[in-house]
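**Student:** Sharing a model prediction with you, sequence too.
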Amino acid sequence: MSSTESTSPFPRGLLADDTLPLYAQVAARLWADVSADGARAGDRLPSERTLAARYGVSRVTMRAALTDLAARGMAESAAARGWFVAGPAVSPDPVDTFAASATPGADAHIVEGFADYAAKHGLVTRSRVLQSVVRPATVSESETLRVGPGAALFEMRRLRFLDDIVVVLEHNRLPLALCPALAETDFTEASLFATLRGGRPPQLPRVADYSVEARQPDATERELLEITDATPVLLAHQLAFNQDGRPLELTLAIYRGDRYRFRASITS
């Protein structure tokens with residue numbers, strides 16, 4: 001935006017950053033476009049289908065972008081009416097706002113997923129789904145995920161690749177009631193976290209309990225992860241929570257030890 005657009009209610013200087021996840025890039029581009037058009041709070045946005053076609057993305061990604069804007073107070077949805085401009089973001093620097101929300105660390109507002117990491121580093125990701133089922137939760141799972149014993153659980157196992165190199169074997173379990181679309185999504189290409197963000201209502205992974213330990217792989221893990229030597233695996237246990245503090249995702253990720261590095265900021 002130019003300095004002559006002083007009457008616009010939107011912050012200036014918002015530009016898409018190709019180091020961010022795709023949904024965040026789309027959110028930034030959409031925000032910049034509606035700002036340039038002089039839109040104001042209360043103006044109705046085009047339909048999700050129209051916006052998805054305009055920006056060349058899937059409706060799931062578009063919904064995740066709109067949800068991201070809604071989380072910042074920039075957009076809002078109304079049942080059966082669509083999406084509307086809500087007003088400017090609180091932060092005076094929207095570029096920093098988008099970057100912070102897509103990067104893990106002390107000031108992050110979301111948990112970064114595998115696909116988010118790949119997009120940020122310019123890598124191509126794909127998955128080989130080994131199992132995708134809906135089944136009753138066990139007693140142990142119900143306690144961890146805070147659902148009733150026997151509640152519908154979405155379970156998935158898949159191999160994940162970066163630039164066609166196998167990196168991790170994932171086992172995900174999520175309460176189906178929080179995002180029914182999980183059962184109908186093809187996760188060969190789709191992002192789990194983008195699907196959650198695009199849910200109705202949106203499910204935003206905000207914080208996670210995370211632990212890592214090393215061990216030798218078993219025979220099945222060796223075959224799937226293409227390990228032919230003494231390379232160990234790293235087991236990452238994660239329990240992610242949504243914006244309401246509810247358990248959202250229970251995951252065991254088994255990484256090839258030579259293809260994974262974990263970084264964290266520790267604060268007191």
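**Tutor:** Here it is on my side, so go on.
**Student:** Low-confidence ranges, the chain, go.
**Tutor:** 1-20, 79, 87-110, 264-268 (pLDDT under 70).
**Student:** and with 80 instead?
**Tutor:** For the chain, the stretches flagged by pLDDT under 80 are 1-21, 35-39, 41, 71-73, 78-81, 87-113, 115-123, 261-268.
**Student:** phi, psi of Met74?
**Tutor:** Backbone geometry at Met74, expressed as degrees, to the nearest 10, gives phi -90, psi -30.
**Student:** Show me the residue at the heart of the protein, geometrically.
**Tutor:** By C-alpha atoms, centre = their mean, the chain has its centre lying nearest to Phe193, at 3.0 Å.
**Student:** which other residues reach the helix or strand hosting Ala240?
**Tutor:** Secondary structure from DSSP states H and E places Ala240 in strand 233-241. Strand 233-241 is contacted from outside by 111, 144, 205-217, 221, 225, 227, 247-257, 260, 262, using C-beta atoms under 8 Å, 6 or more residues apart in numbering. Where you see a C-beta, it was placed from the backbone N, CA and C, and this is true even at glycine.
**Student:** let's see it at 7 Å
**Tutor:** Residues from elsewhere that reach strand 233-241 (C-beta atoms under 7 Å, 6 or more residues apart in numbering): 111, 144, 205-215, 217, 221, 225, 247-257, 260.
**Student:** Just the buried residues out of the residues you listed, in ChimeraX syntax.
**Tutor:** To isolate the buried members of those in ChimeraX, using 16 or more other C-beta atoms under 10 Å:
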select :111,205,206,207,208,210,217,221,225,247,248,249,250,251,253,254,255,256,257
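**Student:** Narrow the contacts of strand 233-241 to those in strands?
**Tutor:** Among the contacts of strand 233-241, the residues falling in strands (DSSP state E) are 207-215, 247-256.
**Student:** Just list the residues touching Gln216, thanks.
**Tutor:** Counting by C-beta under 7 Å, 6+ apart, Gln216 makes contact with Pro232.
**Student:** List phi and psi for it.
**Tutor:** Torsion angles at Gln216 (phi, psi; degrees, to the nearest 10) stand at phi -80, psi 140.
**Student:** any idea how far it lies from Val124?
**Tutor:** Using C-beta to C-beta, to the nearest Å, Gln216 is found at 30 Å from Val124.
**Student:** Next: Ile227.
**Tutor:** Ile227 sits 22 Å away from Val124, going by C-beta to C-beta.
**Student:** out of those two, which sits in the busier spot?
**Tutor:** Ile227 (18 against 10; other C-beta atoms under 10 Å).
**Student:** mind listing what the more buried one touches?
**Tutor:** Residues near Ile227 by C-beta under 7 Å, 6+ apart: 217, 256.
**Student:** what about it, which SS state?
**Tutor:** Following DSSP: H, G, I helix; E, B strand; the rest coil, the label given to Ile227 is coil.
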